[in-house]
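take this sequence and fold it.
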Amino acid sequence: MEILKESLEKGEDSFRQFKEKFTSIDKLAVEISAFANSNGGYIYVGVDDNNKVKGLSSDDIKRLNLWISNATSQKIEPPLFVETSIVLEHGKKILIITVPRGTHKPYSVNKSDFWVKNGADKRRASREELFRLMQSSNRLYADEMSTDTGIDGFDFFYFSEFYRMAYGESLEDININKTLLLENLKLAKDKHLTLAGLLLFGKQVEFVKPQFCIKGTCYLNEDEFLDKEDIGGKLFEQQKKGVDFILRQLIRRQPDKNFNSPGELEIPAPVLKEAIANALVHRDYFINSSIFVNIFNDRVEIVSAGLLPNTLNVENIKLGLHIERNPIILSFMAKFPETGYTGRGSGIPRMLRLCQEKQVPLKLINDTERNQFKVIFYRNQFKKSDF
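Take a look at the predicted model:
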């Protein structure tokens, strides 16, 4: 009862919808599908737009239960399971529909309409959102999609060096057409580079896809900057330059007071390499946004586009659970030893362990409001007496 009272006082939001009643099964299906295509939520039936309890009759509830069953099994595709419960508020019945975050997105209504939550309201999903919904249920991968760049935009010289290092044989000795080889490796499709092929081995990535770069900024304060750099190029190069940008802003100390010792970084370089690699590999490439590296006096932030995919959350990635959002990019980055990336899900636990050993506070944020994932390393654990 107290939980219901608190929900009524808070009002509607992205996870809570109030409806005095439903006048058609289609309208009910739209509300349920919008929640399933977003992050799930609760529909309170018997409550008006002013958060006042109006209640439902027994006949209303019988009709609603029948509509819910038909909507989730026949109107919505793929079928969806929801839970219902009835609560009493001052003798008036409210039916609460609990809609889970869908695992087989996107969910359509009448095979044609796709809806998502937009704050407390809902709207039809855009083309880009449909791509992301399919990606979240592993039905579509951004890095497998074709680009407008032809095979002539592929850097075969760079790739041949990588191929020799990764596979132990020369590209020139392979008795197979190069275009067919790229298609077999999913670096090309229909005589055009896939997004993976372009980002990993494209000749001019920064001109073709300038949005997929790293924007580094070192701030003097919240409004002024000391240094900034737009880091483009192939993903391998972006990782190295991104880490280098951070390293040149950090402080070193000589723990043993030996002037000739190389000094110890305030944030270990291996965790920075892992964090930048993770951002490049696991970011959402359906979102046209850069990766942002923001360096402040008290912290270093690495911000990548998109939330954690599907059912992942901050707690289970700390345990090593991972879902391959961009499997082609992941597989190639893991073959390049300079990245320090393995693709086995061990990166986050290793980052946590190293930060704990070096007493560097680390925070992971899955920011649903801004649709981004953020890694924060806190600085200033070195006191002046350490230098």
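
pLDDT below threshold where in the stretch 151-300 of the chain?
In the predicted model, the stretch 151-300 of the chain carries pLDDT under 70 at residues 254-262.

can you give me the strands in it?
188-189, 192-194, 214-219, 225-231, 252-253, 264-265, 291-295, 299-305 (DSSP state E, counting those that start in this stretch).

do you know which of the ones you listed lies nearest Gly41?
Nearest to Gly41 among the strands of the stretch 151-300 of the chain is strand 299-305 (23.8 Å), distances taken as Cβ to Cβ. Bear in mind the C-beta positions are built from the backbone N, C-alpha and C, glycine included.

helices or strands up against that closest one?
Judged by 3 or more Cβ pairs under 8 Å, 6 or more residues apart in numbering; DSSP states H and E, the packing partners of strand 299-305 are helix 269-282, strand 291-295, strand 372-378.

looking at the ones you listed, which one is packed in the most?
helix 269-282 (a mean of 23; mean count of other Cβ atoms under 10 Å).

quick one: list the elements packing against that helix.
helix 235-247, strand 291-295, strand 299-305, helix 327-335, helix 347-357, strand 372-378.

off-centre distance for it?
Distance of helix 269-282 from its chain centroid, counting by Cα atoms, centre = their mean, to the nearest Å, is 14 Å.

swap in stretch 215-223?
The answer for stretch 215-223 is 24 Å, by Cα atoms, centre = their mean.

do stretch 86-97 as well
37 Å.

can you point out the buried residues in it?
Of the residues in stretch 86-97, those buried by neighbour count under the rule 16 or more other Cβ atoms under 10 Å are 93-97.

count the residues that sit near Tyr167.
Tyr167 is flanked by 11 other residues according to other Cβ atoms under 10 Å.

ok, it to Phe159 distance?
11 Å (Cβ to Cβ, to the nearest Å).

kindly report the same for His322.
For His322 relative to Phe159 (Cβ to Cβ), the value is 26 Å.

swap in Leu8?
In terms of Cβ to Cβ, Leu8 sits 61 Å off from Phe159.

looking at the two, which one has more neighbours?
The neighbour count for Leu8 versus Phe159, taken as other Cβ under 10 Å, is higher for Phe159 (20 against 17).

where does the stretch 1-150 of the chain dip in pLDDT?
Applying pLDDT under 70 to the stretch 1-150 of the chain flags residues 1-2, 137-139.

and the strands in it, which stretches?
Going by DSSP E, counting those that start in this stretch, the stretch 1-150 of the chain shows strands at 16-19, 41-45, 76-77, 83-89, 92-99, 108-109, 113-118, 121-124, 146-150.
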